[in-house]
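Colleague: okay, predicted coordinates and the sequence, questions at the end:
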Amino acid sequence: MRENKPDNNDDPNSPNNNDRFWEGTHVVLHGLSTKGAHYNGLFGVVTSAAKGGRHKVTLDPPHSKTVSIKIENLDYRLRQLEEEKI
């Protein structure tokens, strides 16, 4: 018989929640250190949720590079602020 475990999928802060950012979500990178620190503040789009709590993110131009980032180093990008500048 299977043991019923609590479902953490509703908690966006859960380290096991790989669905926090869906494909196509616009994000900003933050909290990266050492090798990845130069990516802090860059914007991108989630292209897939990878195993191990990381998402593949394609960075916006001029970088246009795909990187694998831990969920805790991603945050939602506020697109309406950028659209108002147009």
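Modeller: Received, thanks.
Colleague: when you work out contacts or count neighbours from here on, use the C-alpha atoms and nothing else.
Modeller: Fine.
Colleague: contacting residues for the closest residue to Asn40 other than its chain neighbours?
Modeller: On the basis of CA to CA, 6 or more residues apart in numbering, the spatially nearest residue to Asn40 that is not a chain neighbour turns out to be His30, at 4.6 Å. His30 makes contact with Tyr39, Asn40, Gly41, Asn73, Leu74, Asp75, according to CA atoms under 8 Å, 6 or more residues apart in numbering.
Colleague: could you check how far the second one is from Val28?
Modeller: By that I understand Asn40. Remark: distance between Asn40 and Val28 (CA to CA, to the nearest Å) = 8 Å.
Colleague: name the surrounding residues that touch the strand or helix carrying Thr47.
Modeller: Secondary structure from DSSP states H and E places Thr47 in strand 43-49. By CA under 8 Å, 6+ apart, the surrounding residues in contact with strand 43-49 are 18-19, 21-29, 55-60, 77.
Colleague: thinking again about what came up before, can you flag which of the contacts of His30 belong to strands?
Modeller: If you go by DSSP state E, the contacts of His30 have Leu74, Asp75 in strands.
Colleague: by neighbour count, which of the contacts of His30 wins?
Modeller: Among the contacts of His30, Leu74 has the most neighbours (other CA atoms under 10 Å), with 25 neighbours.
Colleague: check contacts around the closest residue to that one other than its chain neighbours.
Modeller: Excluding the flanking residues, the one nearest Leu74 by CA to CA, 6+ apart is Leu29, at 4.9 Å. By CA under 8 Å, 6+ apart, the contact list for Leu29 reads Tyr39, Asn40, Gly41, Leu42, Phe43, Gly44, Asn73, Leu74, Asp75.
Colleague: same thing with Asn73?
Modeller: Asn73 neighbours (CA under 8 Å, 6+ apart): Leu29, His30, Gly31, Leu32.
Colleague: in TSV: the residues you listed, plus distance to Val67 and secondary structure.
Modeller: As requested, these are exported to TSV (distance: CA to CA, whole Å; DSSP: H, G, I helix; E, B strand; the rest coil):
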residue	distance to Val67	secondary structure
Leu29	11	strand
His30	13	coil
Gly31	15	coil
Leu32	12	coil
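Colleague: understood, closing this out.
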